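After the sequence you'll find the predicted model.
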There are 2 protein chains.
Amino acid sequence: MNDMTEKSAFHVDDGDLALLTDLYQLTMLQAYWKEGMAERATFSLYFRKLPPTRRFMLACGQQYAAELATRLRFSEAHRARLAETGTFDDAFLDWLGGFRFSGDIWTLPEGTPVFENEPFMEVDAPIAEAQLLESLVMNLVQLETVLASKAVRIVMAARGRPVVDFGLRRMHGVDAAVRGVRAYRTAGLAGTSNVLGGLRHDLPLRGTMAHSYILAHDNEREAFRAFARHYPGTTLLVDTHDTLAGVDKVIELMAEEPELRVAAIRLDSGDLGELAHRSRERLDAAGHTDVKIIASSGLDEHKIAALLDDNAPIDAFGVGTEMGVSADAPVIDLSYKLVEYAGTPRVKHSTGKINLPGRKQLYRRRDAAGRLAGDVIARRDETIEDAEPLLVPLVRQGRLDTAAMALASDARERVRRSLDAMPETLKRLASGQADYPIELGPELAQLRSRT
Amino acid sequence: MNDMTEKSAFHVDDGDLALLTDLYQLTMLQAYWKEGMAERATFSLYFRKLPPTRRFMLACGQQYAAELATRLRFSEAHRARLAETGTFDDAFLDWLGGFRFSGDIWTLPEGTPVFENEPFMEVDAPIAEAQLLESLVMNLVQLETVLASKAVRIVMAARGRPVVDFGLRRMHGVDAAVRGVRAYRTAGLAGTSNVLGGLRHDLPLRGTMAHSYILAHDNEREAFRAFARHYPGTTLLVDTHDTLAGVDKVIELMAEEPELRVAAIRLDSGDLGELAHRSRERLDAAGHTDVKIIASSGLDEHKIAALLDDNAPIDAFGVGTEMGVSADAPVIDLSYKLVEYAGTPRVKHSTGKINLPGRKQLYRRRDAAGRLAGDVIARRDETIEDAEPLLVPLVRQGRLDTAAMALASDARERVRRSLDAMPETLKRLASGQADYPIELGPELAQLRSRT
């Protein structure tokens, strides 16, 4: 907190995240405190509508959020700053100094496909504690959920070909760029160009070369030669001046210096399908059937699918802009709603919106072949036969359940298996409603009609 | 760097930002180093096309990026991690350990309106130094530029009424949420709900109450009463169950306890225009002409303009989702291109793309009334009569020019004055090309046709 107000400090310390909240959370906390309202509440995290361009979302970031919830503290410096606002009593700020999250957090394991109105995180705690988490949990969970849900579509579109993240420069700031790589790892990307993100989140680092390297040399051929000598097995960027002339120069270079190994060329502009076909022909004709073609430049899942539908001989894709901000669906309309207080289910009666009262569990059914067959949103203690309960208590009485964390941790493998088990209707890239049944458990349906 | 690989650590230390780069920057750096390429280069930051939904962008974040450039260092721990990749020689990593930015950085002052192909930052330095900045500068500058450019449209749409940022929960992670508030301050917002962002970047904190507070109480009236007693002059959220019934309860409460001061009501769902009219009527009929109406819920500049066109009696707007990610233009296609090396202008000859060679200056013309009349993109040392040069050297020989920083710092005031001086064609909210002349200086035009 010491540098919290320094204009030049970029980094947000974990220790400052208690203040990464909306002011009304703190004023409500003080109000609950003054009114002696300390009963247990349950807040449920879900979204009401999928973006029209998504058939499912991958729930990501909850583990991180749960872990952080157990570490939120208001330091003396934080409280001094809050005191300066004139809004808070000293006695309340003293209480805030002792703030510890003491409740339970149930979440879907990261990488679980999730649909409209399904709880993917529920927080059970004394109301002030659960209320305080709202803004931070939503911010943290949305980022990874939005990015992983876009990235998995690009992975599907690439049909087994590697997809590499080139998005660092387009992503929304430092945290998005670093944690985004975590979401991309979950979604199944093969690598990232982002050094800090890749090192921190265990996704292999990948990189080629930029146009500036070519331009800084007197000519393209010498640039290729120098780079290939430095980095045996490298990828050469061939479109700085004229793509096919660039390919020819790579071929000539390999003829001149047979000991140079060029693993791939990269196409970064123009008609990628046409250029890939013509580059492949030239490379093959020169006997370089093993030199791969990597394509980048404004790619998204639809462009990749169209290229592969046309049999474009592209071996790997570099994707930046569209994936980096999930440009066609940069937000998901998450809600974090009070659904129970003091043992009584609560619900907001806004017109036209579905709100499901009470603590819940999410069940998923599979058919005989192991394929996802439909979901049941149920009361927490309701038993649904022949269906798997998905929400797991990661935090109990304020303590991380490390066994549950470990169990929940292999998100990438979970996504892979989920894609294998998904009906085709969910995997289509086109916009449109998926035909995937989601029903309410009988007890939840009954509770809902009662409240 | 000590916790760089800890999966549980969120925060990115300033000290780790040297690694927030694309792998190819580091491989190119090593190649330049091996080849003894250490001549000065100039890289220019600009965008080729405005998003179709923008008539101008506000250049923001460059000051931050420039400052950070002077502080980038590769620690021993960073170099050890890079060594593990197997890509880098020890001698190069030793050189990297001594890395200091020694060049110059010219930027537009933050908050300057900027258009297609205009340089809003130019970096002159030995090529490795200028190359290394690419990914980080683009990431940092894009975030604030994109968010400020969206926010200023919302400020314009509100026609002088205060706009408050409610976007924390929708923004892309921690850094976006905190630095986003800096961009919002620049754009002219009146306040933010984001406590950490507002405290750090000096934007007043604002907040009301959430539906959960109402729902946790046995009834809405008691919730209103309790909150208004705690916070004299507060805003009450009236739409939890039935908006107009909620307004009636506020009026009844004020009749019962005349000493309670309610400053405003907030409408957060439904037909905001209609509800504002009917709420205003009820409040006025009860003599509460001084109680304001605040509206929120899915607002953007078009919805705000439509509400005000209909004379909706709304006094202030809370805006979250659409502004928080600049949903209609979440990225700007920034380029950071080598334009000169070793004294020779360079340019990439991609088809159909404009690339302007050499070091540049941007000039802005005003008419007799002081209105913006057009821009001239010129060579750095070209003189354009009757026009103001806008690029300022914030960093010289690796040192921040603190006087230039101070001069450049009042971005919010610069935006306000720019809006006053802008022709109407630039301020229209509708999509479409603005009729604002941008020409090339004669010497730049000549250089361009030569290269």
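Received the coordinates, thanks.

The lengthiest helix in chain A vs chain B: in contact?
Assignment by DSSP state H gives helix A:127-157 as the longest helix of chain A. Yes - Helix A:127-157 reaches chain B (C-beta under 8 Å from any C-beta of the partner chain) through A:127, A:131, A:134-135, A:138-140, A:142-143, A:146. All C-beta spots, glycine's among them, are computed from the backbone N, C-alpha and C.

buried sites along that helix?
Buried residues in helix A:127-157, counted by 16 or more other C-beta atoms under 10 Å in any protein chain shown: A:127-157.

Beyond the helix or strand hosting A:Val247, next helix or strand please.
A:Val247 is part of helix A:243-256, with elements assigned from DSSP states H and E. Moving toward the C-terminus from helix A:243-256, the next helix or strand (DSSP H and E) is strand A:262-267.

What residues sit buried inside that next one?
For strand A:262-267, using 16+ other C-beta under 10 Å, the buried residues are A:262-267.

so what are the domain limits for chain A?
A:14-149+A:329-450, A:158-324 (automatic domain parsing).

Which of those domains sits closest to B:Arg359?
Closest approach to B:Arg359 among these (C-beta to C-beta): domain A:158-324, 14.7 Å.

What's the mean pLDDT across the closest one?
The average pLDDT for domain A:158-324 rounds to 97.

Work out the gap between it and the centre of the chain.
In terms of C-alpha atoms, centre = their mean, to the nearest Å, the centre of domain A:158-324 is set 23 Å apart from its chain centre.

Run through the bridge partners of A:Ser44.
Per DSSP bridges, residues listed as beta-bridge partners of A:Ser44: A:Glu122, A:Lys337.

so what's it up against?
Listed by C-beta atoms under 8 Å, 6 or more residues apart in numbering or on different chains, the contact partners of A:Ser44 are A:119, A:121-122, A:335-337, A:339, A:356, A:359-360.

Would you point out the most distant pair within these?
Greatest spacing in the contacts of A:Ser44, by C-beta to C-beta: A:Ser335 and A:Arg359 (15.7 Å).

if I read this right, A:Ser296 contacts A:Val319, doesn't it?
Yes - contact criterion C-beta atoms under 8 Å: A:Ser296 and A:Val319 qualify, at 7.1 Å.

between these two, who's got more neighbours?
A:Val319 (29 against 20; other C-beta atoms under 10 Å in any protein chain shown).

Can you show me the helices along the stretch 301-450 of chain A?
Taking DSSP state H, counting those that start in this stretch as the criterion, the stretch 301-450 of chain A contains helices spanning A:301-309, A:321-324, A:402-408, A:411-421, A:424-427, A:442-450.

Sorry, slip of the keys, the one I care about is the stretch 151-300 of chain A.
Going by DSSP H, counting those that start in this stretch, the stretch 151-300 of chain A shows helices at A:173-187, A:195-201, A:211-216, A:220-230, A:243-256, A:272-285.

so which of those helices gets nearest B:Arg206?
helix A:173-187 (22.7 Å).

The closest one near chain B anywhere?
Yes - against chain B, helix A:173-187 shows contacts by C-beta under 8 Å from any C-beta at A:173-180.

Now do the same contact list for the nearest residue to A:Gly270 once chain neighbours are set aside.
Among residues not flanking A:Gly270 along the chain, A:Thr243 sits closest, at 5.8 Å (C-beta to C-beta, 6 or more residues apart in numbering or on different chains). Applying C-beta under 8 Å, 6+ apart to A:Thr243 gives the contacts A:267, A:269-270, A:275, A:279.

what do you get for A:His172?
Counting by C-beta under 8 Å, 6+ apart, A:His172 touches A:325, B:142-143, B:146, B:171-173, B:175-176, B:325, B:330.

Reformat those residues as a markdown table; add distance to A:Thr53.
Formatted as a markdown table, the contacts of A:His172 follow (distance: C-beta to C-beta, whole Å):
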| residue | distance to A:Thr53 |
| --- | --- |
| A:Val325 | 13 |
| B:Gln142 | 22 |
| B:Leu143 | 23 |
| B:Val146 | 20 |
| B:Met171 | 20 |
| B:His172 | 17 |
| B:Gly173 | 21 |
| B:Asp175 | 26 |
| B:Ala176 | 21 |
| B:Val325 | 15 |
| B:Pro330 | 14 |
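
Mind picking the one among these that's closest to A:Asp410?
Lowest distance from A:Asp410 to the contacts of A:His172 (C-beta to C-beta) belongs to B:Gly173, with 23.0 Å.

Pull the number of nearby residues for the closest one.
For B:Gly173, using other C-beta under 10 Å, the count is 26.

just to revisit the earlier point, for the helix holding A:Val247, which positions count as buried?
For helix A:243-256, by 16+ other C-beta under 10 Å, it's A:243-244, A:246-251, A:253-254.

can you check stretch A:274-293 too?
Buried residues in stretch A:274-293 (16+ other C-beta under 10 Å): A:275-277, A:279-280, A:282-283, A:286, A:288, A:291-293.

Okay, the residue nearest to A:Asn355 when sequence neighbours are not counted and A:Gln142: tell me how far apart.
By the measure of C-beta to C-beta, 6+ apart, the closest residue to A:Asn355 outside its immediate chain neighbours is A:Val347, 4.6 Å from it. The gap separating A:Val347 from A:Gln142 is 23 Å, by C-beta to C-beta, to the nearest Å.

what sits in contact with each of A:Ser296 and A:Val319?
By C-beta under 8 Å, 6+ apart, the residues touching both A:Ser296 and A:Val319 are A:Phe166.

The residue of the stretch 1-150 of chain A found nearest chain B - nearest residue in space that isn't next to it in sequence?
At 3.2 Å from chain B, A:Leu23 is the closest residue in the stretch 1-150 of chain A, using C-beta to the nearest C-beta. Nearest non-adjacent residue to A:Leu23, counting by C-beta to C-beta, 6+ apart: B:Gly207, 3.2 Å away.
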